Structures are given as structure tokens and as C-alpha cells.
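# Sequence first, predicted model second:
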Amino acid sequence: MISKKPLYVQQPSSYVFLGFTMQIHLSGVQTGDEFSLIGATMPPGGDGGLHMHTREDESVHLLEGCLDVTIGEETFTMQAGQTYFAPRNIPHRLRNIGNVPARAAHQYPRNFRQVRADRGHAGESGRIDSRIPGP
């Protein structure tokens, strides 16, 4: 059984992944493998590419900017203050169509290090980034 403790994160780790600058505010390791809370910033013109999660759903709340979002067959423009849910096994894509960086909060139902490995996308170094908190 994983022990959970109160936690205060002052400086999240940060890296670039799928066109986003990502900050891990809470990792699965820190939450007893319950969820990960990720902050993400995508520059104007950024594109995360069409991808799909096979083991987890994805929830995103847009804090600033606007994104062109595709989930399955549906495409819409997401504005600050709006939220989407992308179920596992449904292809989805995020593109920043605005003139300013888009900032969002992503919630994943487990350790984000595993999510990255499951996606099959390597970081800039060509491997899963060892700076990401994980087991």
C-alpha cells in the first residue's frame, strides 16, 4: 500500500513535450499513484499532434488563450475558462491558433511518467525524461 502525505510543491519540474512546456505540479508518485496534475503552456502556432491514450482518460482546463481541439470526429475552439474530457482510445489533438501562449491544467488519472511512455513519444533527448518524477 502506498502511503500518502500532505505536500506543498513550490517549484515544479519543467520540460518540453508535444509542443508544450510542461510543469509537473503533482506526480503520481506524490499522490500515491492516484493522479498527476500538470501545467502546460503552448506557444502560438504550437501543435501537439494527433495522438491517443490507450490506458487513461485526459481532462484539460484552459486557463489562458485559445486552442483548436479535435476529439474523435469533433473539432471546436476552446476558450479560457472552458474544459474538455478526452476518453481513452479516442484520438485527440490540441493546436494554439491564437496570438498568445495558451496555458492549461491537465489532470491524468495516474503517474504522468507512465502516460508519456504509453504515448510512445520521446522527449528531446530521444528517451523518457529522467527529470520527470516517477517510480
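It's in.
# can we go C-alpha only for contacts and neighbour counts from here?
OK.
# low-scoring pLDDT stretches of the chain, where are they?
1-3, 19, 110-135 (pLDDT under 70).
# For the residue sitting nearest the centre point of it, what is the enclosing helix or strand?
Among the residues of the chain, the one closest to the centroid is His106, at 4.7 Å (C-alpha atoms, centre = their mean). In the assignment (DSSP states H and E), His106 maps to strand 102-108.
# elements contacting that strand?
Strand 102-108 sits against strand 36-42, strand 58-64, with contacts defined as 3 or more C-alpha pairs under 8 Å, 6 or more residues apart in numbering; DSSP states H and E.
# Now distance to Gln82 and mean neighbour count too, for those, in CSV please.
Shown next, in CSV, are these (distance: least, C-alpha to C-alpha, whole Å; neighbours: other C-alpha atoms under 10 Å):
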stretch, distance to Gln82, mean neighbour count
strand 36-42, 15, 22
strand 58-64, 6, 18
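# closest to Pro87 out of those?
Closest approach to Pro87 among the helices and strands packed on strand 102-108 is made by strand 58-64 (6.4 Å; C-alpha to C-alpha).
# If I take the very next helix or strand once past the closest one and strand 102-108, what angle do their directions form?
Using DSSP H and E, the helix or strand that follows strand 58-64 in sequence is strand 66-71. Interaxial angle, strand 66-71 versus strand 102-108 (axes from the mean of the first three to the mean of the last three C-alpha atoms, to 10 degrees): 40 degrees.
# In the sheet, which strands lie alongside strand 66-71, parallel or antiparallel?
strand 74-79 (antiparallel), strand 92-96 (antiparallel) (DSSP bridges).
# and for that strand, what are the contacting residues?
Outside strand 66-71, the residues that touch it by C-alpha atoms under 8 Å, 6 or more residues apart in numbering are 75-80, 86, 90-98, 102.
# ok now it, how far from the chain's centre?
Distance of strand 66-71 from its chain centroid, counting by C-alpha atoms, centre = their mean, to the nearest Å, is 14 Å.
# What about Ala105, how many residues nearby?
The number of residues packed near Ala105 is 18, by other C-alpha atoms under 10 Å.
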